[in-house]
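just the structure for this:
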Amino acid sequence: MRRAADRFATDIGWLNSHHSFSFGHHYDPRNTGHGLLLVNNDDIVRGGTGFDTHPHRDMEIVTWVLSGELEHKDSEKNRGVLYPGLAQRMSAGRGIWHSEMNNSGTDDVHFVQMWVTPDTESVDPGYEQLDINGELAKGGLVPIASGRGHDAAISKTWTWRSSGTRTVSPASRRPPYSTAPAWRIEMAASWPRPDAIGTSPPLASSPLMSSCS
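So this is what the prediction gives:
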């Protein structure tokens, strides 16, 4: 168990990021992921800045904005502005270039991003976004990404959902740096109570949760 305050941190002026696992120059051989989940970053990007165009390959990436707006552009001509309650999935497949920029020149954007390895390499890149605010307003945990046809979830071309669940067999490929005996990843989203906004729970800093079993 790792408390939010003990996460790796990157603060470079325009970006304040907390990493649940080893990321970039932060490396701990005892903490390189959680089963199939390799990256869980909690990012705050200052107004007028962002991540310039950069590549990804063979990675499933789900982005969930907590406050502000994030603009996405990629080499497959997908473009969108992400806001709270809008789930986004990008399948990097055989290769994709994209940028993620704060859509405001003055206000911060705060978002959580998770990376999971796919079952199959070198597939066609894919992209989807879906507003699920209506489902969130009902309360409780809401699937935000799914390969199983769950309501109110962005679709996946492979079998995981982001609570969300991915199920694979023990024979499925797992990268050598992922050694946890976990066959399922779950991510779930919910909005905090109005009286809880602005407070921090003891083990997490956002209403996006993940687990493996």
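
can you find the helix or strand of this protein with the lowest average pLDDT?
The least trusted helix or strand in the chain, going by mean pLDDT, DSSP states H and E, turns out to be strand 165-167, with a mean of 30.

all helices of the protein, in order?
All helices of the chain, identified by DSSP state H, fall at 133-136.

so where's this structure shaky on pLDDT?
Applying pLDDT under 70 to the chain flags residues 146-153, 155-213.

try it again with 80
The chain contains residues with pLDDT under 80 at 1, 145-213.

ok, now which ones touch the spatially closest residue to residue 70 that is not a sequence neighbour?
Counting by CB to CB, 6 or more residues apart in numbering, residue 82 is the residue found nearest to residue 70 once chain neighbours are left out, at 4.5 Å. Glycine gets a C-beta too; all of them are placed from N, C-alpha and C. By CB atoms under 8 Å, 6 or more residues apart in numbering, the contact set of residue 82 is 63, 65, 69-72, 88, 111, 129.

ok, these vs residue 43, which is closest?
The closest of the contacts of residue 82 to residue 43 turns out to be residue 111 (CB to CB; 5.6 Å).

that closest one contacts residue 71, doesn't it?
No - when contacts are counted by CB atoms under 8 Å, residue 111 is not listed as touching residue 71 (11.6 Å).

of these two, who's got more company?
For residue 111 and residue 71, the more surrounded residue by other CB atoms under 10 Å is residue 111, and the numbers stand at 25 against 16.
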